[in-house]
Every structure is written in C-alpha cells, then in structure tokens.
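[1] Got a sequence here, can you model it:
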Amino acid sequence: MLDLELARIRTHRNNISRYRRLLKTKLSELERRFIERRLAEEQAALEALTADALPAAFTLPRDSAVPALRGAER
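    Model (predicted):
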C-alpha cells in the first residue's frame, strides 16, 4: 500500500513541476488560467494525499525532544 501511495505522491509532484515549467513559457490567457487551475488542483491533491499517507511519520510530540539536544539548548 505504501508503494502505491508513494507512486501517487511522485506523480503529483511531477505534474506540479510540469505545470510550473509551463507557466514560465509564453501562453495565452486561457491556457494560463487552465494551467494555474490544474496546478492548484494538483497541489491540493498532493497535500491531501501526504496528510493521509504520512500523518505521523515526520511529526514528534512537542515534549519529546531528544534528551541530548535538551542540554544543547542552554
């Protein structure tokens, strides 16, 4: 399941990169609006997917700082 979710994340990131590259080119106003809308949709989909797929993977509770780092804060 994780492989499928990572593949979806990678696909959204690739699409976002593609749309950003397209926005740097000469486009008609209609094309630009379409690409901007698709970019926003891809970003929203990526955010939703990463929130579901990786909710706690990169977060730590506030009180659980690494003990070795606590001494370094002083």
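
[2] in the protein, which ranges drop under the pLDDT threshold?
    Residues of the chain meeting the criterion pLDDT under 70: 1, 53-74.

[3] residue ranges of the helices in it, please?
    2-23, 29-53, 67-72 (DSSP state H).

[4] buried stuff in the first one?
    Buried residues in helix 2-23, counting neighbours by 16 or more other C-beta atoms under 10 Å, are found at I9, H12, N15, I16, Y19, L22. C-beta coordinates here come from the backbone N, C-alpha and C atoms, glycine included.

[5] Dump those to CSV, plus distance to D3.
    CSV is the format used below for the buried residues of helix 2-23 (distance: C-beta to C-beta, whole Å):
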residue, distance to D3
I9, 11
H12, 15
N15, 19
I16, 20
Y19, 25
L22, 29
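
[6] Which single one of these is nearest to E47?
    Lowest distance from E47 to those (C-beta to C-beta) belongs to H12, with 9.2 Å.

[7] quick one on the thing from earlier: closest to R37 among the buried residues of helix 2-23?
    Y19 (9.7 Å).

[8] So that closest one sits against I35, correct?
    Yes: contact criterion C-beta atoms under 8 Å: Y19 and I35 qualify, at 5.3 Å.

[9] joint contacts of the two?
    Counting by C-beta atoms under 8 Å, 6 or more residues apart in numbering, Y19 and I35 have no common neighbour.

[10] and which of the buried residues of helix 2-23 is nearest to A44?
    Closest approach between the buried residues of helix 2-23 and A44, by C-beta to C-beta: H12, at 9.6 Å.

[11] Distance check, that closest one against L6.
    Here H12 is placed at a distance of 11 Å from L6 (C-beta to C-beta, to the nearest Å).

[12] now do K26
    The gap separating K26 from L6 is 35 Å, by C-beta to C-beta.

[13] again, but for A45
    15 Å.

[14] before we move on, what about E41?
    For E41, the distance to L6 - C-beta to C-beta - is 20 Å.
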